[in-house]
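Trainee: Build me a model:
(chains A and B)
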Amino acid sequence: MTAPERAELPVVPVRHPGRWVAAGVVLVLAAMLGHWLVATKALRWDVVWHYLFDPTVLAGVRRTILLTIVAMAIGIAFGTVLAVMRLSPNPIVSGFSWLYIWFFRGTPLLVQLVFWYNLPAVLHSLSVGVPFGPSWLHTDPKTIITQLGAAILGLGLNEAAYMAEIARAGILSVDEGQIEAAQAVGMTRVLTMRRIVLPQAMRVIIPPTGNETISMLKNTVLVSVIGYAELFYTVQIIYARTFQIIPLLLAASIWYLFMTSILTVGQYYLERYYARGLAHALPATPMQRLRARLGIGPPVQGRVSAVQLSTRQEHR
Amino acid sequence: MTELMVRAVGVRKHFGRLEALRGIDLEVDRGAVLCVIGPSGSGKSTFLRCINHLEKVDAGELYVDGELVGYERRGDRLFELGDGDVARKRAEIGMVFQRFNLFPHMTALGNVAEAPMRVKRQARSVAEDRARKLLERVGLAGREDTYPRQLSGGQQQRVAIARALAMEPKLMLFDEPTSALDPELVGEVLDVMHDLAATGMTMIVVTHEIGFARAAGDALVFMDEGVIVEAGVPRDVISNPQHERTKSFLSKVL
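Mentor: Down below sits the predicted model:
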């Protein structure tokens, strides 16, 4: 008598009763929420739908997008400059950067916004010229610091402080050997930064920058306190008149969710672009998977890394 | 035009309290291959890095092709060179690193063509044509569009050699080019270096490959604790070392 081979014996997988219970509880709660959303008359989905594509609401959406793009552009551009300054061997240059980050991260954004908006009250004229000397160009600060001006200034300068830290972490993540190799082929510091360091730092910079952009999109609501008619301020004006507070907030939330979803997708593709040249497997994009399933385009075999592909070619 | 490509007179370098180089005197002829051997921490890599000013010399004089490295003499003063001038001089010296240091976000072709395009401002078509020829020369034809991570260590190091050659250097520095490679990949890199030496390129090679030093080297230097202990024709130094420290080192690596 010999014992049967292991492979012939039936295998009983581990049971997970706890997981099934948890899944059941979640399902019931979700069903309750769904029912409440549909059955509650007071939510007034008809009103939500009516205002979702209302011209004034759409104008608010446009302003929110504009504000996000411009403020992020300022934040990224100025933040990168601050990051490079922070890494400068000159103590005054790096000290300024440190001080800037300390101030703008250390005070609330809302306070900064209100501050910029009210600055013209104490600043009577803006001029361009020699410091402490003659000046040529004079202007009334009120022409620059409008509601939009204060909003862009406040959001952009605040964002620069956060972007500076993100960019600095990215720059520091690049291997020292890369800088030496670039210098050894005769690249100047500026060229090394632009062609070698920053493109590699992007891999570290992009994910938190995506988060920042999403935060920025939502933080634009703060601008409503200085009366700039972005999405939230727009719906506030409407419900102040109609008292349909919840339906209008739902409409605004749907727009915010839609916009942040678009940003998430954008971030996904941007990360893929900057991951080129890495040994990590790049999973197929949803579009590639869809095409493969429909039979148009190349087949997708789960996760195929570029390294595997190249060794396969070698075997041929 | 002097006959000497590199001349070092009493070169010193220290990192904090550590003296890495304690007075190096050395001459390398144009077209010669100098191999530098020695235990780790002997200062051989530091000396190599001083030659293209990746490290600043603390004392002594270092000349490449008759010109002082990193400084300019005006009257009786030495002026430190700015970033642009240092970069211009580095462009004339090729360097190959132990860990390859290829640019991971660029293809093999991009790695080789980048500096000619950006530093020498060659047209893309010109730079890429030449890069293709150089990759072929180091045995990597057909690998132009491959990223560094997809290449073996030996292949990466050969791309790195092509990258350095793309700038048409007058001097090539090799910092332990085969130390990070699997044993079976060492040969392909040494072959490329052999071929390069045969073309009359002036080379300084920090290495542990005694066989290469014997076969391709015109001169051999043994360094220990920041000084040159022994120098001479490779065959003589290897088979008949005069100094105790050289003897004990060679007995360990041979």
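
Trainee: What is the burial count for the nearest residue to residue B:80 once chain neighbours are set aside?
Mentor: Once its chain neighbours are removed from consideration, residue B:80 has its nearest residue in residue B:71; the separation is 5.8 Å (Cβ to Cβ, 6 or more residues apart in numbering or on different chains). Heads up, the C-betas are built off the backbone N, CA and C, glycines and all. Other residues within reach of residue B:71, judged by other Cβ atoms under 10 Å in any protein chain shown, total 19.

Trainee: In contact with residue B:71, which residues?
Mentor: Applying Cβ atoms under 8 Å, 6 or more residues apart in numbering or on different chains, one finds that residue B:71 lies in contact with B:78, B:79, B:80, B:81.

Trainee: is it true that residue A:141 touches residue A:121?
Mentor: No. Between residue A:141 and residue A:121 there is no contact, the gap being 9.3 Å when judged by Cβ atoms under 8 Å.

Trainee: Name the residue in these two with the higher neighbour count.
Mentor: Comparing residue A:141 with residue A:121 by neighbour count (other Cβ under 10 Å), the higher total belongs to residue A:141, at 15 against 10.

Trainee: who touches that one in this structure?
Mentor: Remark: with contacts taken as Cβ under 8 Å, 6+ apart, residue A:141 is in contact with A:119, A:120, A:123, A:124, A:125, A:126.

Trainee: Could you rerun that using 7 Å?
Mentor: In this structure, residue A:141 makes contact with A:119, A:120, A:123, A:125, A:126, judged by Cβ atoms under 7 Å, 6 or more residues apart in numbering or on different chains.

Trainee: go on, residue A:199?
Mentor: residue B:105.

Trainee: Could you check which helix or strand contains it?
Mentor: Secondary structure assigned from DSSP states H and E places residue A:199 in helix A:198-219.

Trainee: Can you give the distance from that helix to the centre of its chain?
Mentor: For helix A:198-219, the gap between its own C-alpha mean and the chain's C-alpha mean amounts to 5 Å (Cα atoms, centre = their mean, to the nearest Å).

Trainee: Please spell out which residues along that helix are buried.
Mentor: Going by neighbour count (16 or more other Cβ atoms under 10 Å in any protein chain shown), the buried part of helix A:198-219 is A:198-206, A:208-210, A:212-214, A:216-217, A:219.

Trainee: one step back: quick one: which of the contacts of residue A:141 is most hemmed in?
Mentor: For the contacts of residue A:141, counting by other Cβ under 10 Å, the largest number of neighbours falls to residue A:120: 19 neighbours.

Trainee: On the pLDDT front, check it for me.
Mentor: On pLDDT, residue A:120 comes in at 84.

Trainee: so how many other residues sit close to residue 111?
Mentor: I went with chain A, as the question did not name one. Counted with other Cβ under 10 Å, residues neighbouring residue A:111 total 10.

Trainee: meant chain B actually
Mentor: Around residue B:111 there are 27 other residues, counting by other Cβ under 10 Å.

Trainee: That one is in contact with residue B:159, isn't it?
Mentor: Yes. At 5.8 Å, residue B:111 counts as touching residue B:159 under the criterion of Cβ atoms under 7 Å.

Trainee: overlap in contacts of the two?
Mentor: Both residue B:111 and residue B:159 are in contact with residue B:102, where contact means Cβ under 7 Å, 6+ apart.

Trainee: In the stretch 51-200 of chain B, which residue sits closest to chain A?
Mentor: residue B:91 (2.6 Å; Cβ to the nearest Cβ).

Trainee: List the single closest residue to that residue in space, sequence neighbours excluded.
Mentor: Spatial nearest neighbour of residue B:91, excluding adjacent residues (Cβ to Cβ, 6+ apart): residue A:186 at 2.6 Å.

Trainee: Can you tell me the SS state at that neighbour?
Mentor: When states are read from DSSP: H, G, I helix; E, B strand; the rest coil, the local structure at residue A:186 comes out as coil.

Trainee: What about residue A:179, how many residues nearby?
Mentor: Close neighbours of residue A:179, defined as other Cβ under 10 Å, add up to 18.

Trainee: And it, how far from residue B:101?
Mentor: As judged by Cβ to Cβ, to the nearest Å, residue A:179 and residue B:101 stand 9 Å apart.

Trainee: Would you mind measuring from the residue nearest to residue B:91 to residue B:53?
Mentor: With distances taken as Cβ to Cβ, residue A:186 is found 11 Å from residue B:53.

Trainee: And for residue B:47?
Mentor: Using Cβ to Cβ, residue B:47 is found at 12 Å from residue B:53.

Trainee: quick one, which of these two is more surrounded?
Mentor: A direct count of neighbours by other Cβ under 10 Å for residue B:47 and residue B:53 places residue B:47 higher, at 28 against 21.
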